[in-house]
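Visitor: sequence and predicted structure, then a few things I'm wondering about:
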Amino acid sequence: MPAARALAAIHARAAIRRAVREELAELRRRILDQDFASNLLDVAGFAPQRFFSAVLSRLERQNRHALQPAINATGIIIHTNLGRAPLADVALRALAEIGGGYSTLEFDFASGGRGSRYRAVEELLCEVTGAEAGLVANNNAAAVLLALTALAAPGEVVISRGELVEIGGSFRLPDIIMQSGARLVEVGTTNKTRLADYEDAATAETRVLLKVHQSNFHIVGFTEATPVAALSQLAKARGLTLFEDLGSGSLFDLRQIGLPGERTVTDSLRSGADLVTFSGDKLLGGPQAGLIVGRRDLIARLRRHPLLRALRIDKLSLAALEATLRLYRDGDALLKVPVIRMLAQTEAELNRRAGRLRRRLAMLPELDLRIERGTTYAGGGALPGVSLPTRLVSIGARDIGVESLAAKLRDGRPPVIGRIAQNRLLLDMRTLADHELAAVAAAFRGALT
């Protein structure tokens, strides 16, 4: 059939044969169910042109990669479901350069033999944080697990009850401590933990005092927490290791862009933490990684531990991480790290972008368009309780309905992901880039035709 021959010009014969069989099976099911409203049937029975159009749609769905680029219009900057931090241009170029061929991943130039995969990143980590030494695992949970296994097991880890966090995806800190082989000792209460609580709990079996960023929640009201500086004095007096998991972890002082201060990795080290772990793909704005910085002797113990090999970072992530860290070293983070740039946007910038998108969508009469003020969040466990002002293009759909419109946009190429509130589809300018506006407008045209 001509329609089938047309498919053969763009798809493999085996793939067409499989899709035809699947579509025929679907057609038979509809006939048996007396579903004669199917577009594959007409008054004369079988409709070849419609059938092969359905086959083409099936082939396109099957050829679509499960992991594909998406347009984030939710306003959540570090959106875990959408891949967390977008990478800087220099990091993307590093990925292409390293991924396309061989590299000096573990090659030592001086000896011509085997070297360390961590050497370049460790030097940069020390430069940007002031740490004595650094190491990298494949994510922050891995970094915490490695540190506790190497430094605490089979002894005790003392931690405040108010810091036993659960992050998205059912990651629970008590489970990580148990998996490390160390014993969890809880001190204080949910809202108040004093230095005396740590002093009373520390025994001859205690190895680590653990402090954890509360990440995705914020306790307010009648509260008290023990600062790192006070814990550092206790740790030194008792011969213990003070380990702080900063979670999202920032190398950039957010007060420079008008946001509430979030303690940086450097702040933690200067306050006396012996070891600090944090994520690579959150506030840092790099690839997925678990970064570990601190005392040289402790990092050496982690480096020698056999668990590190199971948790090690790959060459592509290392390449992107090195490129990202160079931006911080050179003072270019504000201009070139997308996460920091999105956090720093002014309301005037957001309002101008909203106006440009509204003008692009105004040619579609099915849409009711408004520009509204709104709020959003950093996401990814960063800046808990801090809302960010934003601008929204608020959209009503007269015929198709908002839920159906949002579903069609999610099914597009690329998918456009917004949020729905009060029967309006909201596109948040905080996470939309200027170069994405044309693609968003095209996605709406496709969804409405």
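Guide: Right, received. Where do you want to start?
Visitor: so where do the helices sit in the stretch 1-150 of the chain?
Guide: Here the stretch 1-150 of the chain has its helices, by DSSP state H, counting those that start in this stretch, at 2-8, 13-32, 48-63, 89-99, 119-129, 140-151.
Visitor: shaky segments in the protein?
Guide: For the chain, applying pLDDT under 70 flags the ranges 35-45, 168-170.
Visitor: outline the domain layout of it.
Guide: The record assigns the chain these domain ranges, following automatic domain parsing: 2-63, 71-82+344-448, 89-336.
Visitor: I'd like those as CSV, with mean neighbour count appended.
Guide: Yep, even glycine has a C-beta here, placed from its N, CA and C like the rest. Shown next, in CSV, are the domains of the chain (neighbours: other Cβ atoms under 10 Å):
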stretch, mean neighbour count
domain 2-63, 13
domain 71-82+344-448, 18
domain 89-336, 18
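Visitor: coming back round to it: can you put the helices of the stretch 1-150 of the chain in a markdown table and add distance to residue 258?
Guide: Shown next, in a markdown table, are these (distance: least, Cβ to Cβ, whole Å):
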| stretch | distance to residue 258 |
| --- | --- |
| helix 2-8 | 56 |
| helix 13-32 | 53 |
| helix 48-63 | 45 |
| helix 89-99 | 25 |
| helix 119-129 | 22 |
| helix 140-151 | 27 |
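Visitor: and the ones you listed: which comes nearest residue 424?
Guide: Residue 424 lies closest, by Cβ to Cβ, to one member of the helices of the stretch 1-150 of the chain: helix 48-63, at 28.9 Å.
Visitor: what helices and strands are in contact with that closest one?
Guide: helix 2-8, helix 13-32 (3 or more Cβ pairs under 8 Å, 6 or more residues apart in numbering; DSSP states H and E).
Visitor: check contacts around residue 268.
Guide: Going by Cβ atoms under 8 Å, 6 or more residues apart in numbering, residue 268 touches 228, 244, 246, 276.
Visitor: doesn't it fall inside a strand?
Guide: No. The assignment for residue 268, made by DSSP: H, G, I helix; E, B strand; the rest coil, is helix rather than a strand.
Visitor: ok, it to residue 245 distance?
Guide: As for residue 268, its distance to residue 245 is 10 Å (criterion: Cβ to Cβ, to the nearest Å).
Visitor: need the overlap of contacts for these two.
Guide: Shared contacts of residue 268 and residue 245, counting by Cβ under 8 Å, 6+ apart, come down to residue 276.
Visitor: show me which pair in the contacts of residue 268 is furthest apart.
Guide: Farthest-apart pair in those is 228 and 246; separation 10.4 Å (Cβ to Cβ).
Visitor: want to throw the contacts of residue 268 into TSV with secondary structure?
Guide: As requested, the contacts of residue 268 are exported to TSV (three-state DSSP):
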residue	secondary structure
228	helix
244	strand
246	coil
276	strand
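Visitor: of these, which is the nearest to residue 74?
Guide: Nearest to residue 74 among these is residue 246, at 24.7 Å by Cβ to Cβ.
Visitor: you'd agree the closest one is up against residue 278?
Guide: Yes. The pair residue 246 / residue 278 is scored as a contact, 4.3 Å apart, by Cβ atoms under 8 Å.
Visitor: shared neighbours, the two?
Guide: residue 265.
Visitor: re earlier: now render the helices and strands packed on helix 48-63 as JSON lines, adding distance to residue 294.
Guide: Formatted as JSON lines, the helices and strands packed on helix 48-63 follow (distance: least, Cβ to Cβ, whole Å):
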{"stretch": "helix 2-8", "distance to residue 294": "59"}
{"stretch": "helix 13-32", "distance to residue 294": "53"}
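Visitor: what's the helix or strand for residue 327?
Guide: Assigned by DSSP states H and E, residue 327 falls within helix 315-329.
Visitor: report the angle between that helix and helix 89-99.
Guide: With axes from the mean of the first three to the mean of the last three Cα atoms, to 10 degrees applied, the angle from helix 315-329 to helix 89-99 works out at 150 degrees.
Visitor: what are the contacting residues of helix 315-329?
Guide: Residues contacting helix 315-329 (Cβ under 8 Å, 6+ apart): 87-88, 90-95, 97-99, 103, 105, 117, 120-121, 124-125, 127-128, 136, 138, 251-252, 280, 284-289, 313, 333, 336-337.
Visitor: please repeat the previous calculation with a cut-off of 6 Å.
Guide: 87, 90-91, 94-95, 98-99, 103, 105, 120-121, 124, 127-128, 251, 280, 286-287, 289, 333, 336-337 (Cβ atoms under 6 Å, 6 or more residues apart in numbering).
Visitor: can you check stretch 109-118 too?
Guide: Contacts of stretch 109-118 with the rest of the structure, by Cβ under 6 Å, 6+ apart, involve 105, 106, 107, 108, 136.
Visitor: and what of stretch 233-253?
Guide: Here stretch 233-253 has contacts from 128, 144, 147, 151, 198, 202, 208-213, 215, 231-232, 262, 264-265, 268, 273-279, 282-283, 328, 333, 340, 380-382, using Cβ under 6 Å, 6+ apart.
Visitor: pull the contacting residues for the closest residue to residue 337 other than its chain neighbours.
Guide: Leaving aside its chain neighbours, residue 337 sits nearest to residue 285 (4.0 Å; criterion: Cβ to Cβ, 6 or more residues apart in numbering). The contact partners of residue 285, by Cβ under 6 Å, 6+ apart, come to 85, 337, 339.
Visitor: ok, the second one touching residue 89?
Guide: No. With contacts counted by Cβ atoms under 6 Å, residue 337 stays clear of residue 89, the gap being 10.1 Å.
Visitor: doesn't residue 292 lie inside a strand?
Guide: Yes. Counting by three-state DSSP, residue 292 is part of a strand.
Visitor: in contact with it, which residues?
Guide: By Cβ under 6 Å, 6+ apart, the residues touching residue 292 are 135, 143, 277.
Visitor: which strand residues bridge it?
Guide: The partner list for residue 292 in beta bridges (DSSP bridges) reads residue 135, residue 277.
Visitor: could we number from 20 for the rest of this?
Guide: Renumbered: residue one is now 20, and that last one reads residue 311.
Visitor: distance of it relative to residue 283?
Guide: Distance of residue 311 to residue 283, computed by Cβ to Cβ: 16 Å.
Visitor: just residue 453 next, same as before
Guide: Per Cβ to Cβ, residue 453 is found 30 Å from residue 283.
Visitor: where exactly do the strands run in the stretch 120-269 of the chain?
Guide: Taking DSSP state E, counting those that start in this stretch to define them, one finds strands in the stretch 120-269 of the chain at 152-156, 175-179, 185-186, 190-191, 202-206, 225-231, 260-264.
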